[in-house]
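Engineer: Attaching a predicted model along with its sequence, questions to come.
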Amino acid sequence: MIEIIPCLSDNYSYLIHEKISNTVTIVDPSEFKACDEVVKKYKKLNFILNTHHHADHVGANLELKKKYNSKILGSNIDKDRIPGIDILLIENQKQKIGNLEFEVIFVPGHTKGHIAFFFSKEKIVFTGDTLFSLGCGRVFEGTHEEMFNSLNKIKKLPPDTKIYCGHEYTESNFNFCLAYDPKNIFLKDKKIDIQKKLESNQPTIPSTLSQEIKTNIFLRCNDPQIKHTLGLKDSSEVEVFSKLRDLKDSF
């Protein structure tokens, strides 16, 4: 069971309760008060998973660890940047939390040590600030090419994989996708779904990978229509991605 926890202005943290072993895990706890309100119902917190070191993803690490004696897991690359880290993870590593098992996907670009957590049996991935619903993260510490390659790693997961990302950016991402992919018929259906959820104060998350492949412009860099719109007809997918990311930065 996954519980979505809205934090700060637009962040999402996620609580995972694995009932058989009664293991409680939280992903990217950004704000202690909001996260603890949910955690304290279970009276325990076994694990904290961090996708990357940014403060809006690790802000509650130390207070939660102190209160619940939790183990904190994150990338070995971020061993000096994730507060309270206990267990260092590397690319392709498989790690158990209770009866659940996830695989570490190394997805640099937004940060050097960014990772995603893929639960293959449950077909769920926590993507942090790499893949968003209809978007992708800004490139801060890596290169555009690294971010492009990271998105392609996620793109290869099973199509029915549910995407749990770090922020509620879907509406603004939709506006950007529509501006540069205006003939995409799948975006029209997506708009109805987004509006319905936001109007009822519901998260637009999770999305599914199959939906993202149809609608997320950053996963569609080989589309001839998008290339034409950008004036990059003969350019590589990485060049198209780089142009799109730069345009989104100032959108």
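Structural biologist: That came in fine, so what should we check first?
Engineer: Report the beta-bridge partners for the closest residue to residue 169 other than its chain neighbours.
Structural biologist: Closest residue to residue 169 apart from its sequence neighbours, by CB to CB, 6 or more residues apart in numbering: residue 132 at 5.2 Å. No exception for glycine: its C-beta is placed from N, CA and C like everyone else's. For residue 132, the beta-bridge partners are residue 135 (DSSP bridges).
Engineer: Run through the residues that contact residue 132.
Structural biologist: 165, 166, 167, 169, 170, 173 (CB atoms under 8 Å, 6 or more residues apart in numbering).
Engineer: Helices of the stretch 101-250 of the chain, residue ranges please.
Structural biologist: Secondary structure of the stretch 101-250 of the chain (DSSP state H, counting those that start in this stretch): helices at 144-155, 170-180, 185-199, 209-215, 224-230, 237-249.
Engineer: With mean pLDDT, mean neighbour count and distance to residue 113 as extra columns, can I get those helices in a markdown table?
Structural biologist: Shown next, in a markdown table, are those (pLDDT from 0 to 100; neighbours: other CB atoms under 10 Å; distance: least, CB to CB, whole Å):
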| stretch | mean pLDDT | mean neighbour count | distance to residue 113 |
| --- | --- | --- | --- |
| helix 144-155 | 98 | 19 | 12 |
| helix 170-180 | 97 | 18 | 24 |
| helix 185-199 | 93 | 14 | 31 |
| helix 209-215 | 98 | 19 | 23 |
| helix 224-230 | 96 | 15 | 30 |
| helix 237-249 | 98 | 18 | 20 |
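Engineer: Any idea which of these gets closest to residue 30?
Structural biologist: helix 170-180 (18.0 Å; CB to CB).
Engineer: tell me what the closest one is packed against?
Structural biologist: Applying 3 or more CB pairs under 8 Å, 6 or more residues apart in numbering; DSSP states H and E, one finds that helix 170-180 contacts strand 135-136, helix 185-199, helix 224-230, helix 237-249.
Engineer: between it and helix 237-249, how many degrees?
Structural biologist: Taking axes from the mean of the first three to the mean of the last three CA atoms, to 10 degrees, one finds that helix 170-180 is oriented at 120 degrees with respect to helix 237-249.
Engineer: Give me the distance from stretch 204-211 to the chain's centre.
Structural biologist: 11 Å (CA atoms, centre = their mean, to the nearest Å).
Engineer: no no, stretch 218-230
Structural biologist: When distances are taken as CA atoms, centre = their mean, stretch 218-230 is centred 23 Å away from the chain's centroid.
Engineer: Same check on stretch 31-42?
Structural biologist: 21 Å.
Engineer: For residue 124, report the pLDDT, please.
Structural biologist: Per-residue confidence at residue 124 stands at 98 (pLDDT).
Engineer: Nearest residue to residue 129 in space, please, no chain neighbours.
Structural biologist: Per CB to CB, 6+ apart, closest to residue 129 is residue 137, 3.8 Å.
Engineer: I'd assumed residue 147 was in contact with that neighbour.
Structural biologist: Yes. Counting by CB atoms under 8 Å, residue 137 touches residue 147, with 7.3 Å between them.
Engineer: Hmm, residue 114 and residue 150 touching each other?
Structural biologist: Yes. Between residue 150 and residue 114 there is a contact at 7.4 Å, judged by CB under 8 Å.
Engineer: Report the set of residues contacting both of those two.
Structural biologist: Shared contacts of residue 150 and residue 114 (CB under 8 Å, 6+ apart): 106, 107, 108, 130.
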